[in-house]
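A.B. asks: show me the folded form of this:
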Amino acid sequence: MKVNGKDLAIRESLLGMIKAKDVNGRNVIHSSDFHSAISELGFSMGSPIIEDMLIYCKLDSNGNLDYNELERELLR
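C.D. replies: Below you'll find the model as predicted:
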């Protein structure tokens, strides 16, 4: 993931919000918590930066979002 400094800061802020909502520490949150996190940062679904980040997340049939790959990508 190639990003400029501003985008990286936004992505890291969002990751921090996501991790704060991950009460079990399993790198999985419900999609409603993801929506809440992006809303708290002033973004909405469909924002280019959010769509780019979702490429690295997996959504299961119960609405749970696994963000392991996103975290690994941001820590590179």
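A.B. asks: got a list of what the nearest residue to Leu59 once chain neighbours are set aside touches?
C.D. replies: Nearest residue to Leu59 in three dimensions, chain neighbours excluded: Leu65, at 5.4 Å (CB to CB, 6 or more residues apart in numbering). The C-beta positions use only the backbone N, C-alpha and C, and glycine is treated the same way. Neighbouring residues of Leu65 by CB atoms under 8 Å, 6 or more residues apart in numbering: Val28, Ile29, His30, Ser31, Asp33, Phe34, Cys57, Lys58, Leu59.
A.B. asks: hang on, Leu65 is in a strand, isn't it?
C.D. replies: Yes: membership of Leu65 in a strand is supported by DSSP: H, G, I helix; E, B strand; the rest coil.
A.B. asks: from Val28, how far out is it?
C.D. replies: Leu65 sits at a distance of 7 Å from Val28 (criterion: CB to CB, to the nearest Å).
A.B. asks: please, where are all the helices along the protein?
C.D. replies: Assignment of helices within the chain using DSSP state H yields the ranges 5-21, 31-40, 48-54, 68-75.
A.B. asks: buried sites along the third one?
C.D. replies: Judged by neighbour count (16 or more other CB atoms under 10 Å), helix 48-54 contains these buried residues: Ile49, Ile50, Met53, Leu54.
A.B. asks: Arg11 is in contact with the first one, correct?
C.D. replies: I take that to be Ile49. Yes: counting by CB atoms under 8 Å, Ile49 touches Arg11, with 7.0 Å between them.
A.B. asks: and the residue of the chain most remote from its centre, what pLDDT?
C.D. replies: Residue farthest from the centre of the chain, counting by CA atoms, centre = their mean, is Ser61 at 17.9 Å. pLDDT for Ser61: 97.
A.B. asks: try the one 3 residues further on
C.D. replies: Asn64 is assigned a pLDDT of 97 by the prediction.
A.B. asks: neighbours of it, just the number please.
C.D. replies: The number of residues packed near Asn64 is 15, by other CB atoms under 10 Å.
A.B. asks: now Gly63: closest residue in space that isn't a chain neighbour?
C.D. replies: Of all residues not flanking Gly63 in the chain, Ser31 sits nearest, at 4.5 Å (CB to CB, 6+ apart).
A.B. asks: no further questions, thank you.
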